[in-house]
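S.K.: Below are the sequence and a predicted model; questions follow.
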Number of protein chains: 2
Amino acid sequence: MHRDTRQRRAIRRVFTETARPLSPDDVLELAQRSVPSLGLATVYRNIRRLHDDGWLAEVELPGGGMRYELAARPHHHHFLCRACDQAFDVHNCPESVEELAPDGFTVEGHELILFGLCAACS
Amino acid sequence: MHRDTRQRRAIRRVFTETARPLSPDDVLELAQRSVPSLGLATVYRNIRRLHDDGWLAEVELPGGGMRYELAARPHHHHFLCRACDQAFDVHNCPESVEELAPDGFTVEGHELILFGLCAACS
DNA sequence: GGTTCTTCGAGAATATATTCTCAAGCCCGA
DNA sequence: TCGGGCTTGAGAATATATTCTCGAAGAACC
C-alpha cells in the first residue's frame, strides 16, 4: 500500500505547482526546498511509481534524459529553450497535422517541438 | 587528410541511398553488406567526422540513441513507427507552426514527429 | 506506545550509448 | 614500389541516466 510520506508529498506538489516538463534533477532541486534531505534515488523511485500509476506522463525532448509532467494535462506541445534548457508548454496545436503522413501509414499521435529562446532568455 | 577508404565509402553510400534517419547500428548493418568486416567503432568514428564536416545532421527521436541523415535534405519532418522503430521522412510541413509560441518567446526552429505504424507494419 | 512493513538516503551497481586504446592494415604522394 | 601516418577492428574504457542494496527511519494500525 502507498504511504503518504513527506518526500512523496513534496514531489507531487512540485508537479502540480510547476506547469512544465521536469527532469528528475529539476524535481530534486525543487522538492528539496520542502525536504532538504531528499535524495535522488527517492525522486526516481517516486517518479516511477507515479508514472506506473498513470499520474505522470513521460516527455522525451532532445538533450538526453526523460522529463515528466502531469498526465491529466490536456493536449499540448512543447517549447525547448536552447539557452536554459527548460521546456515550456505550448497550448496551441496545428490542425490536421496528422494528415501529412505518407499514404499507407497509420498515424496514432504526434508531437510538435518549438526551439529557440524563452521569454527570460530572449 | 581524409583518406578514401572502403569503409568510409560504404558508410557514405548507405546514407545517400537510404532516405530515412539511420542509427549507428542501422549503418553498421547496411554497410556490412559492402564491407563485412566493418566494425561499430569505425561507424561511430565516421559518423562523427561526417557530422563535424556538416555532411550529416543529427536527428533525435524518442527511443534513445541518435540517428543521422544527410544534412543537405530540404526541410521535412519524421514519422516514427512504433512497431519496427524505423523513422521515415514526411515531406510536408504545417504552415505558420512557429507562431504558436507564447508571447516573448523567440522561435528559431521546429520539429514535428508523427507516431504510428508505417506502411509495412500496418 | 509498540509493531510491522513501506520508504528513505547514500553509495554501489547496472544499462546503454559512445569513445578510447593500440597493434595491424591500408591509402596515397613521392 | 616505398614509407609515413591516417584508419581500422576489437575490446576495454568512459559517460550518463537510472536502478539496486541495505541498514535506518518513519507511516499506519492496533
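M.R.: Received the coordinates, thanks.
S.K.: Report whether the strand ranked longest in chain A contacts chain B.
M.R.: Ordering each strand of chain A by length in residues (DSSP state E) puts strand A:106-117 first. Yes - Strand A:106-117 is in contact with chain B by C-beta under 8 Å from any C-beta of the partner chain, via A:Thr106, A:Val107, A:Glu108, A:Gly109, A:His110, A:Glu111, A:Leu112, A:Ile113, A:Leu114, A:Phe115, A:Gly116, A:Leu117. (Glycine included, C-beta is placed from N, CA and C.)
S.K.: Now do the SS call for A:Ala83.
M.R.: coil (DSSP: H, G, I helix; E, B strand; the rest coil).
S.K.: before we move on, could you check phi and psi at it?
M.R.: Main-chain torsions, A:Ala83, degrees, to the nearest 10: phi -90, psi -50.
S.K.: any idea which element the closest residue to it other than its chain neighbours lies in?
M.R.: Leaving aside its sequence neighbours, A:Ala83 sits nearest to A:Cys121 (C-beta to C-beta, 6 or more residues apart in numbering or on different chains; 3.9 Å). Per DSSP states H and E, A:Cys121 falls between elements, in no helix or strand.
S.K.: give me the number of residues near A:Cys121?
M.R.: For A:Cys121, the count of nearby residues is 14 (other C-beta atoms under 10 Å in any protein chain shown).
S.K.: likewise A:Leu40?
M.R.: So A:Leu40, with other C-beta under 10 Å, has 11 neighbours.
S.K.: Spit out the contact partners of it.
M.R.: A:Pro24, A:Asp25, A:Leu28 (C-beta atoms under 8 Å, 6 or more residues apart in numbering or on different chains).
S.K.: Report the rounded mean pLDDT for the host helix or strand of A:Arg8.
M.R.: For A:Arg8, the element it lies in under DSSP H and E is helix A:6-17. Regarding helix A:6-17, the rounded mean pLDDT is 98.
S.K.: list the buried ones in it?
M.R.: Within helix A:6-17, the residues that count as buried by 16 or more other C-beta atoms under 10 Å in any protein chain shown are A:Gln7, A:Arg8, A:Ala10, A:Ile11, A:Arg12, A:Val14, A:Phe15.
S.K.: Which residue, other than its chain neighbours, is closest to the second one?
M.R.: This means A:Arg8. A:Asn46 (5.5 Å).
S.K.: likewise the fifth one?
M.R.: Leaving aside its sequence neighbours, A:Arg12 sits nearest to A:Leu50 (C-beta to C-beta, 6+ apart; 7.2 Å).
S.K.: mind listing the strands for chain A?
M.R.: A:56-59, A:67-70, A:77-81, A:87-90, A:106-117.
S.K.: which bits of chain A sit near chain B?
M.R.: Counting by C-beta under 8 Å from any C-beta, the residues of chain A near chain B are A:60, A:62-63, A:77, A:79, A:82, A:88, A:90, A:92-94, A:97-98, A:100-119, A:122.
S.K.: Weed out the non-buried ones from those.
M.R.: A:60, A:77, A:79, A:88, A:90, A:93-94, A:97-98, A:100-101, A:105-107, A:110-118.
S.K.: I figured the residue nearest to A:Arg8 hits A:Arg9, correct?
M.R.: No - counting by C-beta atoms under 8 Å, A:Asn46 stays clear of A:Arg9, with 10.0 Å between them.
S.K.: which residues are in contact with both of the two?
M.R.: If you check A:Asn46 and A:Arg9 against C-beta under 8 Å, 6+ apart, no residue is contacted by both.
S.K.: From chain B, how far off is A:Asp25?
M.R.: From A:Asp25 across to chain B, the span is 18 Å (C-beta to the nearest C-beta, to the nearest Å).
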